[in-house]
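J.: coords below, sequence missing:
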């Protein structure tokens, strides 16, 4: 009876449960669904992180380019400011050894040479030749040398080793302003006159690719007198005309017009 009763109970469902089906299968399905969700979440997170990294790298490159452009612009601005300071001190010096009085000045679209009065420790000034030249996009050269007392041209000046100046990402160009008698101005790329200095010098910055003008600075030539005018009796001064041989100087009265007049007769 006991055995039969046990068999009956097992047949009626009171025996050991089979865990291979039923609730156990539902749990495995839920676990698989959670795994798919986790993989999808990780994939989306990876894509989002990759996008953020790419965006950060792009922003970093843009920031580097902007910083480089600002640095190049600042370098060009400082170079132009240094040139402007030298040009503002331009002296109306002439070649002392030349047979004809010619200004010690040379100007082309990519090179300029002029004289400044450099102060010394004793308080006196000595003439120094300063030269600027374009050195391709992004650079300019500067050199200087003392003007010899017997110099007849710029070929007689021994310039120092050129110093390279950063000029940003632009090309250096010069232009020269001539003041016309009519009151107008004429801008030229080269200065060919040796008896006259330009009224102003323009320092231009050009885009290397398009040759478009990026920035420009005009420097007026403020020198109004020549060193020779301090002793016009022994040196050349273009602002004072020397008297012709035999002509009376302004300080000495000349003969009266028509020759000497006789004394009036004595009527007494």
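T.: Now that the structure is in, tell me what you want to look at. Only a predicted model underlies this, so the values are computations on that prediction, with no experimental measurement involved.

J.: Please, where are all the strands along the protein?
T.: 106-107, 111-119, 125-134, 139-146, 163-166, 171-179, 185-188, 200-206, 213-220 (DSSP state E).

J.: out of the ones you listed, which comes closest to residue 96?
T.: strand 125-134 (8.9 Å; Cβ to Cβ). All C-beta spots, glycine's among them, are computed from the backbone N, C-alpha and C.

J.: Please state the offset of the closest one from the chain centre?
T.: 18 Å (Cα atoms, centre = their mean, to the nearest Å).

J.: For residue 51, which of the strands of the chain is the nearest?
T.: Across the strands of the chain, closest to residue 51 is strand 213-220 (Cβ to Cβ), at 36.7 Å.

J.: Packing partners of the closest one?
T.: helix 23-88, strand 200-206 (3 or more Cβ pairs under 8 Å, 6 or more residues apart in numbering; DSSP states H and E).

J.: Just give me how far that strand sits from the chain centre.
T.: The answer for strand 213-220 is 10 Å, by Cα atoms, centre = their mean.

J.: Partner strands of that strand, with direction?
T.: strand 200-206 (antiparallel) (DSSP bridges).

J.: Now tell me what touches the strand it pairs with from outside.
T.: 76, 80, 83-84, 87, 107, 112, 167-168, 170-177, 187, 212-221 (Cβ atoms under 8 Å, 6 or more residues apart in numbering).

J.: rerun that using 7 Å as the cut-off
T.: 76, 80, 83-84, 87, 170-171, 173-177, 212-221 (Cβ atoms under 7 Å, 6 or more residues apart in numbering).

J.: any idea of the mean pLDDT for it?
T.: Strand 200-206 carries an average pLDDT of 95.

J.: Stretch 160-170 now?
T.: 92.

J.: likewise stretch 123-138?
T.: 91.

J.: And the helices and strands packed on strand 213-220, which one averages the lowest pLDDT?
T.: helix 23-88 has the lowest average pLDDT among the helices and strands packed on strand 213-220, namely a mean of 78.

J.: sorry, back to before: looking at the helices and strands packed on strand 213-220, spot the one closest to residue 131.
T.: So among these, helix 23-88 is nearest, using Cβ to Cβ, at 10.1 Å.

J.: orientation of that closest one relative to strand 139-146 in degrees?
T.: On the basis of axes from the mean of the first three to the mean of the last three Cα atoms, to 10 degrees, helix 23-88 is oriented at 30 degrees to strand 139-146.

J.: Does anything pack onto helix 23-88? Which helices or strands?
T.: Here helix 23-88 touches strand 163-166, strand 200-206, strand 213-220, going by 3 or more Cβ pairs under 7 Å, 6 or more residues apart in numbering; DSSP states H and E.

J.: how does it look with 8 Å?
T.: strand 111-119, strand 125-134, strand 139-146, strand 163-166, strand 200-206, strand 213-220.

J.: what residues are up against residue 130?
T.: 86, 113-116, 142-144.

J.: Contacts only, for the residue positioned nearest the centre of the chain.
T.: Nearest to the mean C-alpha position of the chain, counting by Cα atoms, centre = their mean, stands residue 76 at 2.4 Å. By Cβ under 8 Å, 6+ apart, residue 76 lies in contact with 166-170, 205, 215.
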